[in-house]
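mind looking at a prediction? Sequence and model below.
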Amino acid sequence: MAQASPAPPPIRAVVAPVTPLQQNCTIVWCAKTMKAAVIDPGGEVPRLLSVLKSQGLELEKIWITHGHLDHAGGAAELKDATGVPIEGPHPDDQFWIDDIGVSAARWGMAGARSFTPNRWLADGDRVTLGETEFEVYHCPGHTPGHVIFFHRQGRFAQVGDVLFHGSIGRTDFPRATSTT
């Protein structure tokens, strides 16, 4: 008797490191509808738009895990280019978002600017993408308003800077918290 093939994953993702800091911007999409979200567009918006086009994706949302320049610096430009809404982070990161222009000048990342999300997120919220749904978890530590996006069925989490390769995320920033 032949075994049934496993169902294709409901979501797919590609990582596109951006900015001189090479932070992981993630493009995730609903495999059925091909509607996508760009998670943490720190910069290099034309390149991100090119990746979307090369995958045949329709951008539906911009999701932000936290307000640091390298994760949110390209959000305003991407919204201007596409008209899609920005969701996240938690409102406790407003001061980081407000600082994006100053941080951009300090780090030589011209064009990055602050924005106001269309929707602030809180622990327990849900965000949709095509025919999929992601859970939102408020995870203060790296920043006070840090959130993560979790797709339970796909066993996929985009955690921003809550975790670093081989360690926890940094907690030495203003208003960051640590349990140690």
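That came in fine, so what should we check first?

any idea what the residue most central in space within the chain is bridged to?
Centroid-nearest residue in the chain, with CA atoms, centre = their mean: residue 39, separated by 2.4 Å. Residue 39 has these beta-bridge partners by DSSP bridges: residue 26, residue 63.

spit out the contact partners of it.
Applying CB atoms under 8 Å, 6 or more residues apart in numbering, we find residue 39 in contact with 25, 26, 27, 28, 63, 64, 65, 149, 158. C-beta coordinates here come from the backbone N, C-alpha and C atoms, glycine included.

closest one to residue 129 out of those, please.
residue 28 (6.9 Å; CB to CB).

what is the neighbour count of that closest one?
By other CB atoms under 10 Å, the residues close to residue 28 number 24.

ramachandran coordinates for the nearest residue to it once chain neighbours are set aside?
Excluding its sequence neighbours, the residue lying closest to residue 28 (CB to CB, 6 or more residues apart in numbering) is residue 13, at 4.3 Å. Backbone geometry at residue 13, expressed as degrees, to the nearest 10, gives phi -150, psi 150.

could you check how many residues crowd around residue 13?
For residue 13, the count of nearby residues is 16 (other CB under 10 Å).

for residue 103, same thing?
The number of residues packed near residue 103 is 18, by other CB under 10 Å.

then residue 20?
Each residue near residue 20 was counted by other CB under 10 Å, and the total is 12.

who's in contact with it?
Residues counted as contacts of residue 20 (CB under 8 Å, 6+ apart) are 107, 108, 109.

show me just the buried residues among the residues you listed.
In the contacts of residue 20, burial by neighbour count holds for residue 109, counting by 16 or more other CB atoms under 10 Å.

quick check: residue 68 touching residue 96?
Yes - the pair residue 68 / residue 96 is scored as a contact, 5.9 Å apart, by CB atoms under 8 Å.

gap between the residue nearest to residue 144 when sequence neighbours are not counted and residue 37?
Of all residues not flanking residue 144 in the chain, residue 92 sits nearest, at 3.9 Å (CB to CB, 6+ apart). Per CB to CB, to the nearest Å, residue 92 is found 22 Å from residue 37.

the two - which one has more neighbours?
The residue with more neighbours, out of residue 92 and residue 37, is residue 37; 27 against 19, by other CB under 10 Å.

in three-state terms, label the more buried one for me.
Assigned state for residue 37: strand (three-state reduction, DSSP: H, G, I helix; E, B strand; the rest coil).

ramachandran angles for the closest residue to it other than its chain neighbours?
Spatially, and ignoring its direct neighbours in sequence, residue 37 is nearest to residue 61 (4.1 Å; CB to CB, 6+ apart). Listed backbone geometry of residue 61 is phi -150, psi 160, with angles given as degrees, to the nearest 10.
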